[in-house]
Structures are given as structure tokens and as C-alpha cells.
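Enquirer: Mind looking at a prediction? Sequence and model below.
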Amino acid sequence: MADEFSQSLTPPVSPFAADSLCELAPAPPPCFCCSSTKDDPTGALSTEGYTARGSVKRLLLHLDPAPAEYETDTVEIFGFPWVTETALVESTKVLFGLFRQKVYRLETLVQSSSHDFGQAGNLHYEADDLRQQCVTFLQFVKVFLHRYLEPSISLDASPSHPYEELEAQLPSALLEELFGITLLIGRLKDLPTNVQSAFTIQNQGKIFPPSWHLLHLHLDIHWSVLEILHLLSYKMQGQVVYAHQFVNLTGENLTDASLFEEHLCSLLCDLTGLAIGKYSKVRPTEALSSNHYLCSCTKELWVLLMHLLEYRKKVLHTTQSFWSYMNELLRPLVSGKPAAEHFGGLPTHCKDPLGFTWWLLTHLAMLGQYSRNGTFQNEKYLDNNWAFVEELLKLTCNPKSASFTVPWLGMSGLGTLCKTPLALSEQARSCCSPSPLHSPGHTQLYRSANSFHIFLRVLALCLAQDRAGGVPQRQIKGRRVHQRSVQSAPTTAWAPATGSVVKERHLAVAAALWAHFFPFLRSLRLSQTPPAQLADAAAGFTLLAFDLPSSAPQDLQPNPVQSIMQCFGWDDMVHPLLVTRYLPHLLQNSELVSSLSGVPGSAQSLSVRAWFRCVLQQHLHKNPDGSDSRTARAVEEQLCELTRLVLRLPEVDGLLQRAGLQPTATRPESASALEMFIKAVGCVYSGLQVLSERSAMVSRALDYIGDVLKHIKPSLVSKNQEGLQLAYWTVGCIVKHWSPLLATSKAQQLLFRIVDGLLLPHNLTQQDKALRDSLPLYLQGLSVASSVSQSQGAYLKQQLRSVTRRYLDHFLPASPSVGIIANHPVLLGACEANSISRGAALRKIILEVLCESFLQFKGYTPPPRLASSLMFLSELLRRNADSDPALLTLPLPSLLRCLMLVNEPQVRKISTDALQLVLERCAAASTDGPCDQMITVLRSFVEENQGVYDRQVYGALETVAVLDPSVVRSLVPSLSLSLRNTEHRRGLGKNTALSKEVLCTELETFCSCMRYRMYPLTRLPSSPPRNRSAYRKLLSLLGEIGQAEISSLEVD
């Protein structure tokens, strides 16, 4: 215990010092920092870290985490003052909410940061301040728990004061907030690549990017969560802390012990995963000199975990030892068995699991010599792990007549190494006395020794371990076999050895091919004129890797087949001529396909993506005049075979069967097969009900098409119309059949890119024909996506309006033409026969855009192309059997305004025809009397225009009365009252200002109205007798009700 206090933890202050000297700024809390440390031979840790600042020592000795801090009545946290002794009890959620805001702010800085060196300093200081605020808050939580948290005396007794009630709930609330923090930051392995790359920043200065600060804050939070949970468990004196609110909401148990265990296992798993990533770049000869940690902060985190777990094992007896956790984590990796559930997330691809395990155990054992102060000493603070090492030795040195060799060393130099018995004795003595750690003899072992030397060293360690345990020394036995014994042995005894010799011969030939021919082959893979022999040879190497995977070079391991297929078949940069010849060689091999089926989905998805790209780019290789070139014909023939084989893939065939779609032709055409596949994916997704299955299907679908906009970009810039039409049509099929899928959060970015890149580009030069043919697909898909999207529905509807407005204007003729308007792509998109409900939503948007942008009078000036717009409206109403009055009455105000203001025969005829369709549909939908929506629109029309255009309003209503008198009859009382009020005002001479205003307005618009031969407006408002005559004419069309009203007017 004496050495635990060898260094002063709180430096003394002289009592005679001036008051100003005593008012010192608070010391920053310990944190992970590698900005001032380098990998020197002493292995010193950061002076600002948790070990050098005594944090871990105070934690394990149950001392105050910061004895000289937080002594005042108030404390400033996140820029606000708080009462020191009650802050965490009274404002738990507020404080942790502010903490989450700071973390979000730092993440936003990382996302928005750029490579502008002028902003580097500002970003560094802002990110450093955010991190220091978060670390300071975590330090305050530790201090608060140590000083003020007391366990509840009785769990049943009700608190007598509100504060005591909050204080009793603090452990549970704190546990829930810690659980929330772990969900907020996630795991180290899930950090974005740009954040994980901060591990390798070699800058030893003072300016760092925000990603460096965010990464080290994550390390601080991960360690602080374990510290707080350990401290909470100690302060509660054995009482189990439950997260009551979490248990009530989810029904699952969450305790301080379970959260500690879960977080610890995740952290050990992530640190091991980072070590696996680094091991893949370590040369065998540098295994001892290359450390397993990425920076000194992760090194310190390993040391902290060791000391914490050893203390909890030896003193508290609450958890396993550090080596027990690591053995449980590494044992499945070596044996190839699945890991335990709490160690999920460990990378499955490790180039040499056994070698990695040896490497990691070796370096972890070296870290066991660090004390709680962070100094490297010769003492061992970590127990031995010899039992697991013996397991590794049995796996490494197979005793079944196998030879012991280090693959990259061999047995060179063995014959001339020891010429005399004395030299052999000296050699054995040196093997029994290993070099000290970090000495040149230790770090350069694999450079200076051979396999025999290393075997002697391992043997010496085994014998020393036996003697240390009091076990008698084991006898080492050898065996020599005579030639006659081998000849008389049965076949089963020598056949395996003979087979191994043959296999070695094959491996020798394969090694020569890999070494001398394959690099040349790979250098040609990006050729724009790949010969057929290149694909054939690449396929041969792929099959060679499938038969003899160990013969493939190291850069293709651990999955050489998939690595080669990535080079020659799945890479988007490879020419389609090479892909369409290479992949059929492999996909027709049933054994190879079945082995790819065992891999989780990725291999087959990549093959489908390669086929998808080749279909889209098949027309790029034609001659400038559009005729087939030799390359185009070869691609077409090979693509036909590739299509047939892709449709037979188990994954694709399963999708087609679930969707009820099967190719009818033996050699299906590629475009039709592509459409069938797109329909199958959309159909399968629509039939899924479980959220996890739908999410997985979205990921699979996006894998199938890849970056489809990148695939079609060459077609968009080329002058080949066939390729352009195929590109627009294919993406249109995706938008239509995958519309619910594209509306999800995972895929909506692709939908936004499609709209911006294909439907709303800056200019339309060559896309007219392609857009005209495929625009209905886009409109129908966008309509569905906007209705099902939960987060971006409003934005998608806005984009759909923009697309509708643009192409309604683009394809609308200047003068009305039945042939052109009947084939208008917007009209064709709105008249889908198979879906009435989805079509109604699209037609509503089209009607709204049409009325707002094409039938809207600017003042009193009619819009351009009015007759064409009205013909489009009439055709839209005629082709669809919509019966919803709310939908049908949308264009009614525009139609009435055309009848009121325009006197051109063609416009009036088309308006009347459209009006008749609206009235007939509304009358059929309303069986109980006149349609309420229709009456509301007509009444609003009368109120807006009566008093200025009295006679024109009555004229428009005459047309309505001829078509449906019952609707106008409902307006008679309000029309008569309005007429009497108008006549009364004008009779008293109070309408002078109105008359002058109307006169000026009508004179101003006369010239613009002459184009459509509008009614003469250059007069004062109609006199009462003329208004009455027009109104009587309207009433005469309304039967008995009209005649009765005429009689009433005559009495007046």
C-alpha cells in the first residue's frame, strides 16, 4: 500500500500565499490525449491521461476523483451555474440532455469540416472546447457520486421530502441516462471511416481536425461509463440498481451489472477488431516490433481495462479476470466457431486467426507490466494466461507427425549452425535465456533466428513451466522409421503422404502461374479493348483459386475467389465486353455458385449488379451511325447468356418465384428480363410485413442496382438514342415498381438524385424522345412515393409538382391538336388503368398544377396556350372515371372564368365540354340532390365577380343551368338578394368610385382581351335594367322556381 501513495495526489498550497495565488483556475480533468506522446522505447503514456493523473488509482482505492475541485457552492457546467450538491439529483435529464447536444454539435463539426487550412484553427479550438465540456461533465458525475450518493436505507419506506424522493430515484435515472449515452455514441467499430482515420494522424503539433476530437471523446465516454458504473455499484453497497422506467417500457431487465458487462464486452470486442485491422498490414518479420494499438490512447485504454478487471476479480469478486474475457473472445476466432452473443460484431475476416491470436496475446502481456501510475516496470500486474497459451501451442504444433516450421523462415542454416557439441550447448543455453522485452534481440527474433531456434525456445518454455508447477520433467521421445517398414506398410499408411506430394507438385505449378502470369493478366483488366482470351484466362485463375485457395497470393486472401471476381467481374471500371464473357464461365459452374450461395448474399448481389450495369451499357459500343459494331455484337451475344445464368442464381430465382414471375423464353431478352427482375423485387418488398425484413430487402435492392446513375451517365452524354431510351426506361421502371422501397430513409437519397439528375436537369437537349416514352413511369412512381414517405412526403410532392409543371409545359402544343395532346406523357401517366386510387392522387396534383400555372388569368389577361390547356383538361377528365367531387371541382373556377371572359368559339366549346363532364360526374356521385362541393364553388365564383361582371356571370351560369339546372336553382336566393343590393346602392348614387375604378381597369385591359375576342368591357357597369334582363334570361331556364323568382322581381 505504501507505493500507492508514492506520489502526491494533491500538491500543497502554502498558507502564507496571497489570496490571488490561491484562486487558481480549475485543473482540466484527465482525458485521452496522444498529441504529446510518441512511441519511444520507454513506452510512456500521456501525462494528461487517466493513469498519469492518478484517476484509475483513486477509482480503485475509493478516493475522491477530484479532491481539489467542486468545493464551491455552485459549479459551472455547459455554461450554466448549478448548485454543486443538488445539481445531478434535481436536473439529471437536463444535464444529460445538454451533454447530448454537445456531442451532436461536435458530430456536426466533423460532417461540415473541410480541408480549408484557414478554418483549421477555429475548428480545432471549437471542437476542443466541446470535448472539454463533455469530459468535465463526466468528471462532475463521478465526483457527485463519490461525495453525495448514499444507498437507500429501506426500499419500502416512502421518502418524507420531495428531494429525498428524487435522491432515491437518482441511481435508476443515472443508469437509464448511461444506457442512453451508450446508444447515442454506438460502438467504436461503427464509427464512420473519416472518424476512425483520425487514429492514424501523425501530427505532433497542437492543431487537430474535429474528427480527432470526436474520436477521443468517444474513448473518454466509453471509459467514463465503466468508471461511473463501477463507482455506482460500490456506493450502493451491493444493492442491485434497476432502470425502472426502461423495465416498465420494454419489459426487459437492465441493471448496473448487466450494463457494465454488456458495455465491457462490446469495448473489448471493438478494440480487438481494431487490432485485427492493423494485423492485416503487419509483416511477419515485424510482428514483435509492431504494436496492436493504433495510438497511445487505445494503448492506455487497454491498461485501464486490465487494472479495473483484475481489481474487480481479486477484491470485489464481481467479474471475471481480464484474461478470462480475452480467452472467451479469442477462442472462437481460433477454432472457427461462432462467438458468444455478447461478443458479437467481431470481424469475421482475419487473414491468419492463429497468428493474430499469438500476436495480440504477446503484446497484451507486455502491457500487463504497466502500473496504476502508467509507468512501465519489470513487475507483473497481470496474472499469467498459460492455460490458453498451451491450447494455442497444441494448435500451432500439431503432434500428429507434423513438422514444426515458421512459414517464412524455413530450416536454412541448420546444418552449419552448430559444428561442435559445445556450440550446440551454448545455443541451447541461449534459447533457455530469452532476451529482455523491447531489446534488439527480442524485437528482431524473427529476423535473426530460424525455425529450429524458435522450436528450441518454445521447448525451453514448456519445460520451465513444467518444473515451475512442481511436475516432474517430461521425457521427450523421438522416432526413426526404417525403409523396409515403409515398404511393408498398408496403403492407408502411405497414401495420404503420397497425396500430399502430388498436391505439393500442383501447388508448385500454381505458385509459378500466380507469380509470373497473373500480375500481367491483372494489369490488362481495365483495357478498353479486352481480348476474349483475357476473360478466359481470368476465369481459369478463378477456378484455380476455387480448387487450391491456399496457392493464391497473399493480397487475394482470405477469399481469393471473390477477390478475383471483384477484379474482373464486379468492378464498375471493367469493360462490359470482359464482364459478359468472364462471368458466364463461373456462373455455369454449379459447385462455385453453391459456394457463393453460402456467403451472405454479397457475391450473388455483386453478380446481379454487374449484369445490371452491362445491360444498361450494351448500346455504348455501337457505331456512330447506330449500326452494330463487332464489339456490340459480341456484347449482345454474351449478355444473352449472362442473362440466362443470372436468372438461374438461387437468390434471383427465389425472388422470381416469390413474386410469381418466371421467364417464358429459354434465352430471354436482356431488357425484358431486367424489367421482370425489377418487378419481382418490388413485388416481394410490398409483400413483406416485418420491419427488419423490409429493411434488409431495401439494402439488397440497393446492392442489386449499385450506383445506377453512374452506370447510365455514359449513355446520357452519348448521342446513341437507343442507349438513352434504355437508361431512362430502366430508371423509370425502378421508380415505378420500387416506389414504396425508394420512399424509405435508406433509399430516398437515390430517389432525390434521380429527380434532380434525370427529370429536372438544367437543359433538355437529346432527352425528348426518351423522356416522352418513360415519363409516365416516373410520375406514377413519384406519386406513390410521396404518399407513403413518412419523413419526406411534402418534399416529394413538391418535386412531383415541379416535374409535372415542367413537362406539361414542355410537351404542350402551341395550338390545340387532338393527336399531340392524346399522347401527352403527363396525360398517359395520369391514365394508368390498373390503379384507380394511386391514379387519383396523381390526377389531383396534375389538376392543381394545371389550374395554378396554365389556366390562371393574370389579372384580366388570359394565359397563353389556353385552348391547348383546356383540351388537355377535357381529355384528362374524359379518360378517367373519377367520381370524387373534391377532385372534379378543382378545375371548375377556371372553366367558369373562361366562359365568363373569353368569347372565342373554340375556347368556349372546349370549356363547355369539360364543364359538362364535371357536372355529369358530380351529379352521378351525389344521389341525394345537388352536389355540395359544386354549389360551394359556384357561390364563391358569384361572390368574387358579381358587381363587376354581372351579365358575364349570368351568362356563365346559363351554360351551367342548361347542363344541370338543379345546381343553379340552389343559388337563386343569394343571386336575387345580391342583385337587389347592387341596384339599391347604384340607385342612391354611392357607386361612383366603383364605376370609375372599373372603367379604368377595363380600359387598361382592352388591348390584351382583343386577342381572344372577349366581351366589350370598355363601359360602365351594367345598368339595372340590363342586369335584370340577363338575370331573367337565366331564371327562365330554371323551371317553376325561376318563373316564381321572375314574378317576384316584377313586383319589385
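Expert: Received the coordinates, thanks.
Enquirer: Tell me the secondary structure of residue 928, please.
Expert: coil (DSSP: H, G, I helix; E, B strand; the rest coil).
Enquirer: what's the burial count for it?
Expert: When neighbours are counted by other Cβ atoms under 10 Å, residue 928 registers 6. For the C-beta atoms, the positions are set from N, CA and C on the backbone; glycine is no exception.
Enquirer: Roughly how far does it sit from residue 882?
Expert: With the distance defined as Cβ to Cβ, to the nearest Å, residue 928 ends up 19 Å from residue 882.
Enquirer: so where's the stretch 401-550 of the chain uncertain?
Expert: Confidence mapping of the stretch 401-550 of the chain against pLDDT under 70 gives the ranges 401-424, 434-452, 462-506.
Enquirer: Return the residues in contact with residue 237.
Expert: By Cβ atoms under 8 Å, 6 or more residues apart in numbering, the contact list for residue 237 reads residue 151.
Enquirer: ok, 10 Å please
Expert: Counting by Cβ atoms under 10 Å, 6 or more residues apart in numbering, residue 237 touches 150-151.
Enquirer: Which of the three states applies to it?
Expert: Remark: residue 237 carries the secondary structure label coil [criterion: three-state DSSP].
Enquirer: Can you pull the phi and psi angles for it?
Expert: Main-chain torsions, residue 237, degrees, to the nearest 10: phi 50, psi 50.
Enquirer: now residue 75
Expert: The phi and psi values for residue 75, taken as degrees, to the nearest 10, are phi -140, psi 140.
Enquirer: repeat for residue 99
Expert: Backbone torsions of residue 99, given as degrees, to the nearest 10, read phi -60, psi -40.
Enquirer: Could you count how many residues lie near it?
Expert: Other residues within reach of residue 99 by the criterion other Cβ under 10 Å amount to 22.
Enquirer: That one against residue 178, yeah?
Expert: No: when contacts are counted by Cβ atoms under 10 Å, residue 99 is not listed as touching residue 178 (11.0 Å).
Enquirer: which residues are in contact with both of the two?
Expert: 141, 221.
Enquirer: Break this structure into its domains for me.
Expert: The record's domain parsing of the chain by automatic domain parsing lists 55-367, 397-467, 500-679, 892-1051.
Enquirer: mean pLDDT lowest for which of these?
Expert: Mean pLDDT values for those show the minimum at domain 397-467, a mean of 63.
Enquirer: Where does residue 333 sit, in terms of helix or strand?
Expert: Using DSSP states H and E, the secondary-structure element containing residue 333 is helix 322-335.
Enquirer: Could you give the separation of the helix or strand that that helix is followed by from the chain centroid?
Expert: Counting by DSSP H and E, the element after helix 322-335 in chain order, helix or strand, is helix 353-367. Relative to its parent chain, helix 353-367 has a centroid offset of 34 Å by Cα atoms, centre = their mean, to the nearest Å.
Enquirer: export helix 353-367 as PDB, just CAs?
Expert: Only the C-alpha atoms of helix 353-367 are listed here, as PDB (Å, rounded to 0.1, in the frame of the first residue of the first chain):
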ATOM      1  CA  PRO A 353      -6.500 -16.100 -36.900                       C
ATOM      2  CA  LEU A 354      -3.900 -18.200 -35.100                       C
ATOM      3  CA  GLY A 355      -1.100 -15.900 -35.800                       C
ATOM      4  CA  PHE A 356      -3.200 -12.900 -34.800                       C
ATOM      5  CA  THR A 357      -4.100 -14.500 -31.500                       C
ATOM      6  CA  TRP A 358      -0.400 -15.100 -30.700                       C
ATOM      7  CA  TRP A 359       0.500 -11.600 -31.700                       C
ATOM      8  CA  LEU A 360      -2.300 -10.000 -29.600                       C
ATOM      9  CA  LEU A 361      -1.600 -12.100 -26.500                       C
ATOM     10  CA  THR A 362       2.100 -11.300 -26.700                       C
ATOM     11  CA  HIS A 363       1.500  -7.500 -26.800                       C
ATOM     12  CA  LEU A 364      -1.300  -7.600 -24.200                       C
ATOM     13  CA  ALA A 365       1.100  -9.500 -21.900                       C
ATOM     14  CA  MET A 366       3.600  -6.700 -22.300                       C
ATOM     15  CA  LEU A 367       1.000  -4.100 -21.400                       C
END
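Enquirer: list the buried ones in it?
Expert: 353, 355-361, 363-367 (16 or more other Cβ atoms under 10 Å).
Enquirer: Quick one: work out the angle between that helix and helix 322-335.
Expert: Between the axes of helix 353-367 and helix 322-335, defined by axes from the mean of the first three to the mean of the last three Cα atoms, to 10 degrees, the angle is 160 degrees.
Enquirer: pull the CA atoms of the helix or strand containing residue 581 into CSV?
Expert: When secondary structure is defined using DSSP H and E, the element that contains residue 581 is helix 576-587. Coordinates of the C-alpha atoms in helix 576-587 are reproduced here as CSV (Å, rounded to 0.1, in the frame of the first residue of the first chain):
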residue,chain,number,x,y,z
PRO,A,576,-18.7,-4.9,-70.3
LEU,A,577,-17.1,-7.0,-73.1
LEU,A,578,-14.8,-8.6,-70.5
VAL,A,579,-17.5,-8.9,-67.8
THR,A,580,-20.1,-10.6,-70.1
ARG,A,581,-17.6,-13.2,-71.2
TYR,A,582,-15.9,-13.7,-67.8
LEU,A,583,-18.9,-14.2,-65.5
PRO,A,584,-20.7,-16.9,-67.6
HIS,A,585,-17.6,-19.2,-67.3
LEU,A,586,-18.1,-19.1,-63.5
LEU,A,587,-21.9,-18.9,-63.1
